[in-house]
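Trainee: Quick check, what structure comes out for this input:
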Amino acid sequence: MQDRSLEASSQPTDSSVERAGDKASGKRLSPTLTGLDRIELDRAALDHFPAAVAVVDADGGLVAANPAFSGIAGLCVPGEDRIVPELDASLNEAVAQERRVLCGVPGPIDTAIFDVMALPLATPSGQVLLIANEATVEINMRNALIESRARYMDIVALSGESAWEIGADGRFTFVTVNGLVGYSPRQLIGMNPTDLLDPTRAPPAVMPFTTPVALSGAEIWLKHAEGAIVCYEISAVPLYGSGDQWCGARGICRDVSEDRRNRAFLAEHRNNERLLARITEIFRQEREPNDMLLAAAEACAHGMSASGCEIVGVVARTGKVKSLAMVGACGEGSTPDPWLPPSLSGEGDPLANPDAEILTKDDWSLLMAQTIYRGRRIGALLLWRDPTQPAWTPLDEQLITSLAGQLATAMDERAEYVRLKNDAHTDPLTSLLNRRAFDDELQRRLRRLAHDRHRGALLYLDLNNFKAVNDIRGHATGDEALRHVCDILRGNTRGTDILARVGGDEFVVWLENVDEDQAIKRAKTFLAAAAPLLAYSGSPDHPLQLSIGVACHDPQFEESAPALLQRADAAMYRAKQTRKGGFSLALPPGVKG
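Mentor: Numbers count the residues shown, from 1 in each chain. All right, here's what the predicted structure looks like:
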C-alpha cells in the first residue's frame, strides 16, 4: 500500500467555502467537526490505534492506514490503494456515529460485517478518518441464536408440545405460544404450577415443574381450563445458580391423555379376553358343577377388580333366587336383598331387559347381568365394589354380559345335576335326605368332628299310631301328616343340621356342635311343636304323637355312624315303651341297659 504524507490545514476552516477538489469530484462533504481548526496525525498514532483505522481522501483513495485496517480482507480493493465501494459510499455521510456496512470478502465467507465510523477531517482535500470494527462473528452468532430459537419454537409448535420455564419463585416465567392445559401463555405467566394439579389425586412425589433433578417421561394429571382431567408427559431439567442454589427449571410437556386412554382401553380388553379364557378353562377342568361355579365366581371377582362376586340361581319350584356360589364379602357376606332388581323376583319377561344393570347403595356399586338359557332366566351374575373403588364402565357392562352368557350353560348343567342328585338322595314325599344319603353324610360329619374335637347329637323320631292314620283316614292323610312332621323339623333346626326320612314313619335329625343339654332342649321343642299332629289321628284311642331317642356323640369314644344310629334307635324304643309322646336319652357308648 502506498504511504502518503498526512495533510493538515494551517488556516482556519470556513464551512461555507468549498474544499479543494470538491468541484473536480462532484462530491460535497459533510461539515467538519465543530471547533476543530487543526488535526495533526502521524504514522505512530495510526499504528497504535487498537481498531482498524485509515485516512481516506474524498475519492476513496487511501491516504494512510494502520496494519489492522490493511490486513482485513474486504476493506480495500485488491491491488489498489482505495477502499471498497461499500465503504466509499459512507464518505458522503461522514458523521460522528457508527453505521453497519456489508463488505464482500473472497473465500469461504462471502460477506463480512463492519461497524464503521467516518470522521471528517479539517483538510482542504476533504479527507475522512475511517474507524472499522468487524462484527461478523458477533452478528452471525446472534443470527444463529435467533434462527435456532425460531427453529426450536417451530419444532415445539409442530410437535404439539409446550415448552416452559419456571423461575426461582416456583412460578411460570415463560411458556410457548401454544400454552398449556387450555391456558394461554399470558394466563400462565406468574401462575404456580401446583394450581394446575388434579385436585382428586394425591400430588406427585416429585413435582416435575419444580424438579431438583433431571427427569424424562414423567406423567402428571392436570385439570384443563375447561374442567376435564388430562395427562401430561413431562421432561425437565433443573436450573442451578452459584453455590448450587436451585433457581428454576425448564422443560417440555405434551398431552398424552388420548394415548393413555387408548392404552387403558387395550389393557382392559386384554384383561377381559384373559378372563373369558380363564372361565372357559375352568369349565373344561372342573367336573363337579358346584366347584365349577365357585371357581368361576372367584375368577370373575379377581378379573374385574370387584370386592365380591355372587352367582345366584332361580329355584324352578318357587321362582326365588338362591345363592349358588359366592366369593368376597359385603355386609353379612352376601348382596343385600334391596339391591336385587325386580327382574330377579320372577316377575316380567326376562328378555325384556337383558342388558347389564348398575345399582348403588350407600356408595357401594352393584353390577348385575341375568343368565338366560333358551329363553329362561335361570339366575344372575352379581359383582360389587366398595366406595373406594372406581365406578363400573360400559366395558365392564359388556364383559359381565358375556360372562353371564357363558355361565348360563354351566348353571343349567348344575340345575340338572342337582335334580338328578336330589332324586337319588332325597325322599320324594318330604324332599328330606333318604336313608342312604343320610348315612353317607353322617359318616362325613363324624370324621370331621373327630378332627375338630367337637360334639354333636343324633335324634331318632318315630310316629306313634301312624298305621291307624293310613288304615282309618287313608294314605293321603298319612302323607299330609308326614309332610307336617317335615315342616316341624325344618322350622326348628339350623342350616348346619341334617334332616332325613329313614323309614315309613321314622325320621332322624343330626344336630351339629351341641352338647347334651342343648340336644334335650331341641327334643322338647320338637315334642311341643308336634302337638297339632293329633288332628291327623286315626281315632282318639290311637293319637298321632312323636317318640324321640337322643344319642349324644363325643369324639373321644371314636363311635361309628351305625353304632350311633343304633343307640339313638334303642333310646327311641325305650321312649315308646315307657311313655309315648316323650323322649329318652341313650346310654353312653359301650354301656348296656
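Trainee: Check Gln97 and give its pLDDT.
Mentor: As predicted, Gln97 sits at a pLDDT of 58.
Trainee: The residue lying closest to Pro199 once chain neighbours are set aside: neighbour count?
Mentor: The shortest distance from Pro199 to any non-neighbouring residue, by C-beta to C-beta, 6 or more residues apart in numbering, is to Lys223 (6.9 Å). Glycine gets a C-beta too; all of them are placed from N, C-alpha and C. Residues near Lys223, counting by other C-beta atoms under 10 Å, number 18.
Trainee: With Gly474 instead?
Mentor: Around Gly474 there are 12 other residues, counting by other C-beta under 10 Å.
Trainee: And it, how far from Asn465?
Mentor: 15 Å (C-beta to C-beta, to the nearest Å).
Trainee: Equivalent analysis for Val175, please.
Mentor: Plainly put, Val175 is 99 Å away from Asn465 if you go by C-beta to C-beta.
Trainee: and the most centrally placed residue in the chain, what helix or strand is that in?
Mentor: Central residue of the chain (C-alpha atoms, centre = their mean): Ala264, 7.7 Å from the mean position. In this structure, Ala264 sits in helix 257-285 according to DSSP states H and E.
Trainee: helices and strands around the helix or strand just after that helix, which ones?
Mentor: Counting by DSSP H and E, the next helix or strand C-terminal to helix 257-285 is helix 289-303. Packing partners of helix 289-303 (3 or more C-beta pairs under 8 Å, 6 or more residues apart in numbering; DSSP states H and E): helix 257-285, strand 308-314, strand 321-328, strand 376-385, helix 394-425.
Trainee: swap the cut-off to 6 Å and go again
Mentor: Here helix 289-303 touches helix 257-285, strand 308-314, strand 321-328, helix 394-425, going by 3 or more C-beta pairs under 6 Å, 6 or more residues apart in numbering; DSSP states H and E.
Trainee: What is the burial count for the closest residue to Gln443 other than its chain neighbours?
Mentor: Nearest non-adjacent residue to Gln443, counting by C-beta to C-beta, 6+ apart: Ala561, 4.6 Å away. Ala561 has 20 neighbours, counted by other C-beta under 10 Å.
Trainee: how much space between Ala561 and Phe583?
Mentor: Relative to Phe583, and taking C-beta to C-beta, Ala561 is found at 21 Å.
Trainee: Help me confirm that the residue nearest to Gln443 comes into contact with Arg444.
Mentor: No: the criterion here is C-beta atoms under 6 Å, and Ala561 misses it with Arg444 at 9.2 Å.
Trainee: picking that back up, can you say which of the helices and strands packed on helix 289-303 is packed in most?
Mentor: A comparison of the helices and strands packed on helix 289-303 by mean neighbour count, using mean count of other C-beta atoms under 10 Å, puts strand 308-314 on top with a mean of 24.
Trainee: can you give me the mean pLDDT across it?
Mentor: Averaging pLDDT along strand 308-314 yields 82.
Trainee: just checking, what packs against it?
Mentor: If you count contacts as 3+ C-beta pairs under 6 Å, 6+ apart, strand 308-314 packs onto helix 289-303, strand 321-328, strand 376-385.
Trainee: got the end-to-end distance for stretch 206-222?
Mentor: The straight-line separation of the ends of stretch 206-222 (C-alpha to C-alpha, to the nearest Å) is 15 Å.
Trainee: In terms of secondary structure, what does the helix holding Ala264 contact?
Mentor: strand 229-240, helix 289-303, helix 394-425.
Trainee: for those, which one sits closest to Trp510?
Mentor: Smallest distance to Trp510 across these (C-beta to C-beta): 15.0 Å, for helix 394-425.
Trainee: quick check: angle from the closest one to helix 257-285?
Mentor: 10 degrees (axes from the mean of the first three to the mean of the last three C-alpha atoms, to 10 degrees).
Trainee: unless I'm mixing things up, Trp510 is touching Ile498, no?
Mentor: Yes: judged on C-beta under 6 Å, Trp510 makes contact with Ile498 at a distance of 4.0 Å.
Trainee: Neighbour count: the two, which is higher?
Mentor: Remark: of Trp510 and Ile498, Trp510 carries more neighbours, 25 against 20, as counted by other C-beta under 10 Å.
Trainee: what about Glu516, neighbour count?
Mentor: Counted with other C-beta under 10 Å, Glu516 comes out at 13.
Trainee: Wait, it touches Cys552, no?
Mentor: Yes: counting by C-beta under 6 Å, Glu516 does reach Cys552; the two are 4.9 Å apart.
Trainee: does the nearest residue to Ala530 once chain neighbours are set aside sit in a helix, a strand or a coil?
Mentor: Leaving aside its sequence neighbours, Ala530 sits nearest to Leu546 (C-beta to C-beta, 6+ apart; 4.5 Å). Following DSSP: H, G, I helix; E, B strand; the rest coil, Leu546 is assigned to strand.
Trainee: Could you tell me how far Leu546 is located from Asp517?
Mentor: Taken as C-beta to C-beta, the span from Leu546 to Asp517 is 20 Å.
Trainee: Next, the contact list for Arg435, please.
Mentor: The contact partners of Arg435, taken as C-beta atoms under 6 Å, 6 or more residues apart in numbering, are Val502.
Trainee: any idea of the pLDDT on it?
Mentor: Predicted confidence (pLDDT) at Arg435: the value is 91.
Trainee: can you check Ser539 too?
Mentor: At Ser539, the predicted lDDT confidence score is 92.
Trainee: count of neighbours near it?
Mentor: Quick note: Ser539 (other C-beta under 10 Å) scores 12 neighbours.
Trainee: Who is it paired with across the strands?
Mentor: Judged by DSSP bridges, the bridge partners of Ser539 are His542.
Trainee: Now the element after whichever helix or strand Arg444 is part of, going C-ward?
Mentor: Using DSSP H and E, the element containing Arg444 is helix 435-452. Counting by DSSP H and E, the next helix or strand C-terminal to helix 435-452 is strand 456-464.
Trainee: in what helix or strand does Leu366 lie?
Mentor: Using DSSP H and E, Leu366 falls within strand 364-373.
Trainee: so that strand versus strand 376-385, what angle?
Mentor: For strand 364-373 against strand 376-385, the angle between stretch directions is 160 degrees (the same axes, to 10 degrees).
Trainee: What count of nearby residues applies to the residue lying closest to Leu239 once chain neighbours are set aside?
Mentor: Excluding the flanking residues, the one nearest Leu239 by C-beta to C-beta, 6+ apart is Gly248, at 4.2 Å. Look at Gly248: counted by other C-beta under 10 Å, it has 19 neighbours.
Trainee: need the contact list for Gly248.
Mentor: Contacts of Gly248 by C-beta under 6 Å, 6+ apart are Ile166, Gly167, Ala168, Leu239.
Trainee: Check the secondary structure at it for me.
Mentor: Gly248 ends up strand, using three-state DSSP.
Trainee: Any figure for the gap between it and Ser242?
Mentor: From Gly248 to Ser242 the distance is 14 Å (C-beta to C-beta).
Trainee: coming back round to it: nearest to Ala531, of the helices and strands packed on helix 289-303?
Mentor: helix 394-425 (30.9 Å).
Trainee: And that closest one, what does it pack against?
Mentor: When contacts are defined as 3+ C-beta pairs under 6 Å, 6+ apart, helix 394-425 sits against helix 257-285, helix 289-303, strand 364-373, strand 376-385.
Trainee: Can you tell me the strand partners of the third one and which way each runs?
Mentor: Here strand 364-373 is paired, per DSSP bridges, with strand 357-361 (antiparallel), strand 376-385 (antiparallel).
Trainee: Now find how far off-centre the first one is within its chain.
Mentor: By that I understand strand 357-361. Computed by C-alpha atoms, centre = their mean, to the nearest Å, the chain-centroid distance of strand 357-361 equals 21 Å.
Trainee: That strand: which residues count as buried?
Mentor: By 16 or more other C-beta atoms under 10 Å, the buried positions in strand 357-361 come out as Glu357, Leu359.
Trainee: Next: stretch 292-307.
Mentor: So, applying 16+ other C-beta under 10 Å, buried residues of stretch 292-307: 292-301, 303-304, 306-307.
Trainee: can you check stretch 243-254 too?
Mentor: By neighbour count with 16+ other C-beta under 10 Å, stretch 243-254 contains the buried residues Gly248, Ala249, Gly251, Cys253, Arg254.
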